[in-house]
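Novice: Here's a sequence, model it:
(one chain, ligands or ions: 1)
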Amino acid sequence: MKRRVPLDDVLDELSPKENLSARDEALARAIAIVTFRRLGTLGRALNERLNRDPKDERLLHLLAIGAAQILFLDIPDHAAVDSAVRLAQEDPKLHHAGGFINAVLRRVARERDMILGAQESWLDTPTWLEERWVKQYGEALAAKIAEAHRSMASVDLSVKENAKDWAERLGGVLLPTGSIRLVERTAIRDLPGFDEGAWWVQDAAAALPARLLQAKPGERIADLCAAPGGKTAQLAAAGAEVLAVDRSAKRLKRLEENLARLDLKAETRAIDAEKLDEAPFDAILLDAPCSATGTIRRHPDVAWTKAEEDIRKLAGLQTRLLDKAAHLLKPGGRLVYCTCSLEAEEGERQATEFLSRHPDFKRQPISADEIGGLAECLTPEGDVRTLPCYLVSSEHERGGLDGFFIARFVKAA
Ligand SMILES: C[S@@+](CC[C@H](N)C(=O)[O-])C[C@H]1O[C@@H](n2cnc3c(N)ncnc32)[C@H](O)[C@@H]1O
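Specialist: Numbers count the residues shown, from 1 in each chain. You can find the predicted model right below:
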């Protein structure tokens, strides 16, 4: 959080060094994720139970991860307390703090019901994001977004074909948008169809942009920010000849591995899309880099590692990539722009400003039928705006959608 590095990157760096087993790594990840998800609740619970402000930051961190396990994970209280005390004892600066940690965490365990009973919608959201979302979505909807971020996201799959059959085989639910939602938590690699590459993990909202591009067999399509390749896979599965571009060679390698498992083909190019020089394409998908505030359910660290200035910088990059995409498109070609952000600067505003900069482009409004009838996800302009509090169903414990903005444009013939 201090270095403002995404949790996944930190864990990727630490796991090999610490030589963790897969089980321990999964536990470490779960503890870190829930600590970020409930950081506000944890901070308040601890503050109210500390009669002095601990000077040592690491002491606070140990208390927070201990309290996160006690309050939100299926870990016995004594194990959570013990591991926090042991970690303190191994630290020369904190070895004297064992008794204090023990007392505070045992009190958290005793007062669990009181802590969990007093939950306000906004407690786990940084103020700067709360202010933005209230301004953009209004008080009531914004509070629902904040509440949705408290729950884990569901696991959704995109299939190459026969979605209905696969939903049955996997014991999942076929969503109106065509994705399969898994009802029970399971190890993905052990599920039928993984080894044969019949499906891939992709949030139901993330599956919409490529579908809305309506790729046809043989069309030449550029996916300008392609890795790790969920959308490239959809375009290739539809029979298009895809050029998958990404600035990161490392992420593009993951895309290649993913496509190999799925037995799908695409040409790949590790290059900054702003520098791409190619003959014009029939269609372009631009899933631009963004603040990712639409994925906070999956990556709760985003809320605490991103800042307002990131949104400004990323919006500038999105604008440049949109202009580049406009240039790379054939007359009559289609462009789908999307970001997994809840912020208007990265979505609605980009679309409006793009149309005023490019009079040769028109918006091609999206209809409810194209997104499984989810009319609540359509803006008055005909763009798509999904939110984590949409598509929640009582049939399965976990619901929701990643927060995406999607607009579709056509270049004049
Ligand atoms: C939102 S992710 C793409 C996710 C991907 N479309 C999918 O569905 O799996 C954005 C990607 O853009 C890449 N990126 C960022 N800036 C770029 C640039 N200037 N040119 C090309 N790729 C870029 C990042 O490396 C990252 O992989």
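Novice: Okay, domains of the chain per the record?
Specialist: As recorded under automatic domain parsing, the domains making up the chain are 7-117, 204-411.
Novice: Pick the most buried one from the ones you listed.
Specialist: domain 204-411 (a mean of 20; mean count of other C-beta atoms under 10 Å). Just so you know, the C-beta spots here come from the backbone N, C-alpha and C atoms, and that holds for glycine as well.
Novice: Off-centre distance for it?
Specialist: 13 Å (C-alpha atoms, centre = their mean, to the nearest Å).
Novice: ok so, going back, can you say which of the domains of the chain is nearest to residue 150?
Specialist: Among the domains of the chain, domain 7-117 comes nearest to residue 150, with 6.6 Å by C-beta to C-beta.
Novice: what about that closest one, distance to the chain center?
Specialist: Centroid separation for domain 7-117 versus its chain: 24 Å, with C-alpha atoms, centre = their mean.
Novice: Distance check, the nearest residue to residue 270 once chain neighbours are set aside against the ligand.
Specialist: Nearest non-adjacent residue to residue 270, counting by C-beta to C-beta, 6 or more residues apart in numbering: residue 249, 4.1 Å away. According to C-beta to the nearest ligand atom, to the nearest Å, residue 249 stands 9 Å off from the ligand.
Novice: what's the answer for residue 340, then?
Specialist: As defined by C-beta to the nearest ligand atom, residue 340 lies at a distance of 6 Å from the ligand.
Novice: Excluding chain neighbours, what is closest to that residue?
Specialist: Using C-beta to C-beta, 6+ apart, the nearest residue to residue 340 is residue 294, at 4.1 Å.
Novice: need the contact list for the one you found.
Specialist: For residue 294, the contact set (C-beta atoms under 8 Å, 6 or more residues apart in numbering) comprises 205, 339, 340, 341, 342, 386, 388, 402, 403, 404, 405.
Novice: which one is the fourth one nearest to, not counting chain neighbours?
Specialist: So the one you mean is residue 341. Distances taken as C-beta to C-beta, 6+ apart place residue 290 nearest to residue 341, at 4.1 Å, with adjacent residues excluded.
Novice: Residues touching the helix or strand hosting residue 8, excluding its own?
Specialist: Following DSSP states H and E, one finds residue 8 within helix 7-18. Here helix 7-18 makes contact (C-beta under 8 Å, 6+ apart) with 25, 28, 29, 32, 33, 36, 299, 301, 305.
Novice: List the contacts of the residue lying closest to residue 123 once chain neighbours are set aside.
Specialist: Leaving aside its sequence neighbours, residue 123 sits nearest to residue 40 (C-beta to C-beta, 6+ apart; 4.1 Å). With contacts defined as C-beta under 8 Å, 6+ apart, the neighbours of residue 40 are 122, 123, 124, 125.
Novice: before we move on, the earlier item: make a markdown table from the domains of the chain and add distance to residue 144 to it.
Specialist: Shown next, in a markdown table, are these (distance: least, C-beta to C-beta, whole Å):
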| stretch | distance to residue 144 |
| --- | --- |
| domain 7-117 | 16 |
| domain 204-411 | 4 |
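Novice: how about these in TSV, adding distance to residue 143 and mean pLDDT?
Specialist: As requested, the domains of the chain are exported to TSV (distance: least, C-beta to C-beta, whole Å; pLDDT from 0 to 100):
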stretch	distance to residue 143	mean pLDDT
domain 7-117	14	93
domain 204-411	9	96
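Novice: For the stretch 151-300 of the chain, which segments count as strands?
Specialist: With DSSP state E, counting those that start in this stretch as the criterion, the stretch 151-300 of the chain has strands at 155-159, 173-174, 180-182, 199-201, 220-223, 241-246, 267-270, 281-287.
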